[in-house]
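Trainee: Below are the sequence and a predicted model for it; my questions follow.
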Amino acid sequence: MAIMGKRELKYDKIRKAVPTGLYIYYANILVCLHLKITCYIGLSINKAFICIICLNLLQ
């Protein structure tokens, strides 16, 4: 395993966090469609949560 600098480590975390966040986001959309209910509030919270995680990792 190569020794990573702080910058590489940060991007590695983002690479792992973003797909997970997107997966949760799209899973929620599928659940909403399946149940035929509107959960825009839940999806908005999820989107904001993903953005907060990404911003924290970028700092």
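Mentor: Great, that's in hand.
Trainee: Report the contact partners of E8.
Mentor: Taking Cβ atoms under 8 Å, 6 or more residues apart in numbering, we find E8 in contact with no residue. To be clear about C-beta, it is placed using only N, CA and C from the backbone, and glycine gets the same treatment.
Trainee: Tell me the spacing between it and L57.
Mentor: Distance from E8 to L57, counting by Cβ to Cβ, to the nearest Å: 12 Å.
Trainee: and if you look at R7?
Mentor: Counting by Cβ to Cβ - R7 and L57 are separated by 11 Å.
Trainee: Looking at the two, which has the bigger crowd around it?
Mentor: Using other Cβ atoms under 10 Å, the more surrounded residue of R7 and L57 is L57, with 17 against 8.
Trainee: what's the helix or strand for the more buried one?
Mentor: Taking DSSP states H and E as the definition, one finds L57 inside helix 40-58.
Trainee: next one: L9
Mentor: With DSSP H and E as the criterion, L9 is inside helix 6-35.
Trainee: Report the buried residues of that helix.
Mentor: G21 (16 or more other Cβ atoms under 10 Å).
Trainee: what's the neighbour count on N46?
Mentor: The burial count for N46: 19, using other Cβ under 10 Å.
Trainee: mean confidence score for the helix holding L9?
Mentor: Average pLDDT, helix 6-35: 73.
Trainee: next one: stretch 50-59
Mentor: On average, stretch 50-59 scores 69.
Trainee: I'd like the numbering to begin with 54 instead of 1 from here.
Mentor: Let's use 54 as the start, then, which means that last one is stretch 103-112.
Trainee: wouldn't N99 be in contact with A80 here?
Mentor: No: with contact defined as Cβ atoms under 8 Å, N99 does not count as touching A80 (9.7 Å).
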